[in-house]
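> what shape does this take:
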Amino acid sequence: MLTSKLEDAVIKVAAAFSIFQSIIWLILSLTGLLAHSCLIPATTIEKNALATILHYQYFREAECDAILDPSQMPTIKDLSTPEDIYLWMWFYFFISFFWFISSLLLSGKTRFNNMRKTIVLTWVAITSIVCLMDFILCVYFAKDYNHIQDFQLFNSVMGGKPLAMQTAAGIMMAIALRGFVLWFINLFFATYIGKITILPTKPLKLNLQGNTQIYDNVSIDVDTYEARKSKEIPKTQTASTPGWAPLHELLRRYKIHSPNIKDRTPTSPVFFNKGFETKPAYQNPYKGRNMYEDRSRF
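As a prediction, this is how the structure comes out:
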């Protein structure tokens, strides 16, 4: 997996954000598990405080000692129970632990490209699961918020414990979606890093309609690229050795080869041999004469 400096910087920032969030949510989920198991009592909190109602509504187990009298709390149907939140806390504890490990591996460097790609894809998968869990849990608390609001409107109760219960549901909804801002940041990182990791593995496609290559939705005109490349890279000229003429100049001077030599009218007897000029063949001046004739005339 080959990445540019910008992409590598984005991966580092995403890993740092993930490490920070995974530690915070490990602490929050562990606190919720301990509160449900009665290991964190709420006896020091005032009875009318928002934290008491939050603990009673979402984290307190039925066997734990309660500061609030259950008969003083309004009965609202279809709300999330502490048992449901207890199960969600276990999910968040394990997913935050694996998210922390994958973020540590993502922040480090590895020599093997295939191993780096596996780590990145694992982190993207875990981050996507975290975003999905956050969204589902936020929907649960949003339903609680609407049910409590409908209860207040139907019973003409606009204050007291129902209002505190609605506020507690709103707080849990904001925590579930990580303050809304962190959730969108996680979604962006998971989408962007997943895109730059998966898309370069697509094979090269050729456009049969022209001399164009298409790769990952990027079209490159080969002819234009080659022309631009030839302009950018100057041609090197070989310096001639002093006192020596180039080969093509020697051929031109001595007329060893000339494509248009047949079009010219030779001034002397010239024989052609496949485009090359040669000397006329040797002719014997005594050919066809009687060697025993009278030589007195010679």
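> can you give me the helices in this protein?
5-36, 50-54, 82-107, 113-155, 161-176, 181-198, 222-232, 247-253 (DSSP state H).
> who touches the closest residue in space to Phe100 that isn't next to it in sequence in this structure?
Take Phe100 and drop its neighbours on the chain: the residue closest to it by CB to CB, 6 or more residues apart in numbering is Ser22, 3.8 Å away. The C-beta positions use only the backbone N, C-alpha and C, and glycine is treated the same way. For Ser22, the contact set (CB atoms under 8 Å, 6 or more residues apart in numbering) comprises 96-97, 99-100, 103.
> mind doing that once more with 10 Å?
Residues near Ser22 by CB atoms under 10 Å, 6 or more residues apart in numbering: 92, 95-104, 126, 130.
> got the helices of the chain as CSV, with distance to Thr75 and mean pLDDT columns?
Listed next are those as CSV, based on distance: least, CB to CB, whole Å; pLDDT from 0 to 100:
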stretch, distance to Thr75, mean pLDDT
helix 5-36, 21, 91
helix 50-54, 14, 77
helix 82-107, 15, 93
helix 113-155, 9, 87
helix 161-176, 11, 85
helix 181-198, 32, 92
helix 222-232, 73, 53
helix 247-253, 104, 69
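> now the closest residue to Trp99 other than its chain neighbours: how far from Glu249?
Closest residue to Trp99 apart from its sequence neighbours, by CB to CB, 6+ apart: Ser22 at 4.4 Å. Distance from Ser22 to Glu249, counting by CB to CB, to the nearest Å: 76 Å.
> same deal with Thr118?
For Thr118, the distance to Glu249 equals 63 Å [CB to CB].
> between these two, tell me which one has more neighbours.
A count of neighbours by other CB atoms under 10 Å puts Thr118 above the other of Thr118 and Glu249, at 14 against 11.
> for Cys38, see how far away that one is.
Distance from Thr118 to Cys38, by CB to CB: 42 Å.
> try Trp25
Trp25 sits at a distance of 22 Å from Cys38 (criterion: CB to CB).
> when the two are compared, which one has more neighbours?
Shown here are Trp25 and Cys38; by other CB under 10 Å, Trp25 has more neighbours (22 against 13).
> what's the neighbour count on the residue lying closest to the more buried one once chain neighbours are set aside?
Nearest non-adjacent residue to Trp25, counting by CB to CB, 6+ apart: Ser96, 4.4 Å away. Per other CB under 10 Å, the neighbour tally for Ser96 reads 23.
> how about Ser96, what does it touch?
Residues near Ser96 by CB under 10 Å, 6+ apart: 18, 21-30, 126, 130.
> hmm, try it at 6 Å
Taking CB atoms under 6 Å, 6 or more residues apart in numbering, we find Ser96 in contact with 22, 25-26.
> same deal with Leu137?
By CB under 6 Å, 6+ apart, the residues touching Leu137 are Ala176.
> same deal with Leu50?
Contact analysis of Leu50 by CB under 6 Å, 6+ apart lists Ala164.
> got phi/psi on Leu79?
Per-residue torsions, Leu79: phi -100, psi 160 (degrees, to the nearest 10).
> distance of it from Gln166?
Leu79 is 11 Å from Gln166, by CB to CB.
> likewise for Phe98?
For Phe98, the distance to Gln166 - CB to CB - is 34 Å.
> have a look at those two and say which one is more surrounded.
Remark: of Phe98 and Gln166, Gln166 carries more neighbours, 20 against 16, as counted by other CB under 10 Å.
> which residues touch the more buried one?
By CB under 6 Å, 6+ apart, Gln166 lies in contact with Ile148.
> please redo it, this time with the cut-off set to 7 Å
Contacts for Gln166 (CB atoms under 7 Å, 6 or more residues apart in numbering) come out as 145, 148-149.
> drop anything exposed from these.
Neighbour-count burial (16 or more other CB atoms under 10 Å) applied to the contacts of Gln166 gives 145, 148.
> between the contacts of Ser22, which is nearest Met172?
The nearest member of these to Met172, counting by CB to CB, is Tyr92 at 12.6 Å.
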